[in-house]
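Participant: 3D, please:
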Amino acid sequence: QEGFAKEELQLAWSFTTRTAQNTRAPIEHMRNTIDNEYSDISFSVESTEPEDCENNKGRVIKGSMEVPLFLEEWTGMHPLRRDEQGLPVAHDMVSVPFSVLVGCSLIEEERSGPLLQYGHGLFGTQGEVTTGYNHTLANTYGYVMFAADWTGMKRQDAPTITLTLIQNPSGFSYLTDRLHQGWMEFYALSKLMQSNALATHESFMHNDVSLIDSEKLYFYGNSQGAVLGGGYAAMNPNISRVILGVGGMPFNLLLKRAQGFEPFIQLMETMYRDSADITVMEILFEHLWEPVESVGWASAMDKPVLIQAAIGDCSVPTIGAQVMARSYGATLIEPYQREVFGLEPQSTPFEGSAYVEWDFGVPDSDGPYPAELPEDRNPHDDLRNQPEAMQQIHTFLSEGVVEHYCEGACSVP
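Facilitator: Numbering: from 1, shown residues only. Next comes the predicted model:
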């Protein structure tokens, strides 16, 4: 009756029936449990790799910490242990590894630097925090960056997720239960990094000066680290400013448009011949994902966010980043590559949440599938390496001010 061709419709309507309290109560309960019962987090430092500042390598410290276990078992696909009210219960402790990168400028200048928690990409590891661009960011601007593996969507989880989709898609809830545990491991690590016990450990000292400014805690997530990280940062009351690089939300909007999910989509297409069944499953999966990704916590975001997106991103399409920007009430940085629906443009400097798109000469996909990339260009990975992007990140974190360092609209020829 409205003039739409029925065969062209994918979803005629959608509605939400859960409350914010229903979505967030388990995570908030777990966070409060850690605050009230496990605030003294024990840890050990297992290795320290000295800095090599002439070759742009900061000090790398690796350790482990003891974190409460809310899952029935830590490895494999297992549900949360819950009480009669359905709230997660901690019943054991688990040793969780972590990595820290101390920027060279802090060591050379013998001063403390702010803490910057890092969220890694799709099915990645904490090792991403010590890759080249993070060394450049930490060394140039003086940050103590730290990370853990994101339990639930870390490298070791990929095979079990595949097996779950094959054997019993109803077990998808175990994946999101694991992400609840992963969020708490991130949260416990952030509390540990702000503790006096860690700040005064010999690995974090230089000439009797602690290299950690425990009063300042920020978050920086790229790709999956931004998709999940927007929610995590909103949940963590100690984080004051947030950087989300090449991210977006919600997950079910991103799935078919993201190159990294193609193997899982192909697997589902093999198992379910009717594409309508797959669409329904994706929508239902989102109800499980909401508590542990950005969309479920969008209305709770009470701190400024800088979103850096890449046009032609084949891993996390800009359509998801734009949804994220509108949800956070972000301002479009001017000059810009293109207008973005729902975002008011403004010239810098200004305060508050902001959104910027970079043009790498790759067009966005014109449909619900990943963009096609040339052999020599990947906007998703290239953005985080741009000096102007790093400078923008530092100004936003250190001063709370949005600045524009590109000449004209941001682009890379």
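
Participant: Direction included, what does the helix or strand that contains residue 68 pair up with?
Facilitator: Here residue 68 is covered by strand 59-69, with elements defined by DSSP states H and E. Strand pairing for strand 59-69, determined by DSSP bridges: strand 43-49 (antiparallel), strand 92-102 (antiparallel).

Participant: so of those, which one's packed in deepest?
Facilitator: When neighbours are counted by mean count of other Cβ atoms under 10 Å, the highest per-stretch mean among these falls to strand 92-102, a mean of 20. Glycine gets a C-beta too; all of them are placed from N, C-alpha and C.

Participant: From the rest of the structure, what touches that one?
Facilitator: Outside of strand 92-102, the residues within contact range by Cβ atoms under 8 Å, 6 or more residues apart in numbering are 51, 58-69, 74, 113, 126-127, 129-130, 134-135, 138, 144-149, 151, 185, 188-189, 192-193, 204, 211.

Participant: Not counting its neighbours along the chain, what's nearest residue 222?
Facilitator: residue 245 (4.2 Å; Cβ to Cβ, 6 or more residues apart in numbering).

Participant: Would you mind measuring from the one you found to residue 87?
Facilitator: If you measure residue 245 against residue 87 using Cβ to Cβ, to the nearest Å, the figure is 33 Å.

Participant: of these two, who's got more company?
Facilitator: Under the neighbour definition other Cβ atoms under 10 Å, residue 245 and residue 87 were set side by side, and residue 245 has more, 25 against 16.

Participant: need the contact list for the more buried one.
Facilitator: Shown in contact with residue 245 (Cβ under 8 Å, 6+ apart): 220, 221, 222, 223, 225, 226, 308, 383, 384, 389.

Participant: Among the residues you listed, which pair sits farthest apart?
Facilitator: Longest distance between any two of the contacts of residue 245 is 15.3 Å, between 225 and 389; criterion Cβ to Cβ.

Participant: in the stretch 251-400 of the chain, which spans are helices?
Facilitator: Secondary structure of the stretch 251-400 of the chain (DSSP state H, counting those that start in this stretch): helices at 251-254, 262-271, 275-289, 318-327, 379-382, 387-399.

Participant: circling back to that earlier point, for the residue nearest to residue 222, grab phi and psi.
Facilitator: Main-chain torsions, residue 245, degrees, to the nearest 10: phi -100, psi 130.

Participant: Which strand residues bridge it?
Facilitator: Beta-bridge partners recorded for residue 245 (DSSP bridges): residue 222, residue 308.

Participant: quick one: it and residue 98, what's the gap?
Facilitator: Distance, residue 245 to residue 98, by Cβ to Cβ: 21 Å.

Participant: what's around the closest residue to residue 363 other than its chain neighbours, how many residues?
Facilitator: If the residues on either side of it in the chain are set aside, residue 363 comes closest to residue 312, at 5.6 Å by Cβ to Cβ, 6+ apart. The criterion is other Cβ under 10 Å. On that basis, residue 312 has 24 neighbouring residues.

Participant: what does residue 342 give?
Facilitator: Residue 342 is flanked by 13 other residues according to other Cβ under 10 Å.

Participant: now swap in residue 277 and tell me
Facilitator: Close neighbours of residue 277, defined as other Cβ under 10 Å, add up to 12.

Participant: what do you get for residue 375?
Facilitator: Once other Cβ under 10 Å is used to define contacts, residue 375 is seen to have 5 neighbours.

Participant: when you give positions from now on, start the count at 49
Facilitator: In the new count, where the first residue is 49, that last one comes out as residue 423.

Participant: quick one on the thing from earlier: now the strands paired with strand 107-117 in JSON lines, with mean pLDDT and distance to residue 209?
Facilitator: Putting the strands paired with strand 107-117 into JSON lines (pLDDT from 0 to 100; distance: least, Cβ to Cβ, whole Å) gives the following:
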{"stretch": "strand 91-97", "mean pLDDT": "97", "distance to residue 209": "29"}
{"stretch": "strand 140-150", "mean pLDDT": "98", "distance to residue 209": "20"}
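
Participant: Distance to residue 206 added to the ones you listed, as JSON lines?
Facilitator: Rendered in JSON lines, the data for the strands paired with strand 107-117 read as follows (distance: least, Cβ to Cβ, whole Å):
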{"stretch": "strand 91-97", "distance to residue 206": "25"}
{"stretch": "strand 140-150", "distance to residue 206": "18"}
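
Participant: hmm, back to that, model confidence score at the residue nearest to residue 270, please.
Facilitator: In this model, residue 293 is scored at 98, pLDDT.

Participant: returning to that earlier point: residue 273 and residue 437: which is more packed in?
Facilitator: Looking at residue 273 and residue 437 with other Cβ under 10 Å, you find the greater number of neighbours at residue 273, namely 29 against 24.

Participant: Kindly provide the distance from that one to residue 245.
Facilitator: 27 Å.
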